[in-house]
Structure formats: structure tokens, C-alpha cells
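Asks: Here is my input, please return the structure:
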Amino acid sequence: MQADAVIDHTDHFNLESSDIHMRFDSLISANRITISVADLHMEGDAALDVSSMGPLTI
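Replies: Presented below is the predicted three-dimensional model:
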């Protein structure tokens, strides 16, 4: 994902990949997020946001 990119789903977001690279300030937002990945790279301020649970940054 490019810097400042946003993926916004109102329901369940399901992603399967061997490698995910979330650049600065990118966001995946959904009510439920399921990610199956071998390598997840998250740069500064990249986030996974699950509605009603608040932001989750790794």
C-alpha cells in the first residue's frame, strides 16, 4: 500500500498474501479484519482499525 492509502470496508475484510507492505500513514479499516500473511511490514503510523475496538497499530 502506498503512503496515505486507505482501504475502508463496512463489513469483513479478508486478505491472504505472502507479503504485505503498508507504507507511512496507510490504513485498513473494517468491522472485522482477517489477514493471512507470511511477512507484514508496517511503516510509521500505518494502522489496522477495527470498528468498535479502536485503532490497532503493530
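Asks: which ones are touching the closest residue to Ala38 other than its chain neighbours?
Replies: What sits nearest to Ala38 in space, not counting adjacent residues and going by Cβ to Cβ, 6 or more residues apart in numbering, is Ser18, at 4.9 Å. To be clear about C-beta, it is placed using only N, CA and C from the backbone, and glycine gets the same treatment. Counting by Cβ atoms under 8 Å, 6 or more residues apart in numbering, Ser18 touches Val37, Ala38, Asp39.
Asks: Mind checking which of these are in helices?
Replies: Within the contacts of Ser18, no residue falls in helices by DSSP state H.
Asks: out of those residues, which is most surrounded?
Replies: Val37 (12 neighbours; other Cβ atoms under 10 Å).
Asks: if we can go back for a sec, format the contacts of Ser18 as JSON lines; extra columns: distance to Ser26.
Replies: Below are the contacts of Ser18 laid out as JSON lines (distance: Cβ to Cβ, whole Å):
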{"residue": "Val37", "distance to Ser26": "15"}
{"residue": "Ala38", "distance to Ser26": "19"}
{"residue": "Asp39", "distance to Ser26": "16"}
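Asks: Touching the strand or helix carrying Ile7 from outside, list them.
Replies: According to DSSP states H and E, Ile7 maps onto strand 6-8. Defining contact as Cβ under 8 Å, 6+ apart, one finds that strand 6-8 is touched by Met1, Phe13, Ser26, Leu27, Ile28, Ser29, Ala30.
Asks: Of all the residues in stretch 35-50, which ones are buried?
Replies: Met42, Ala46, Leu48, Asp49 (16 or more other Cβ atoms under 10 Å).
Asks: For Ala5, state which of these is nearest.
Replies: Comparing these against Ala5 with Cβ to Cβ places Ala46 closest, at 9.3 Å.
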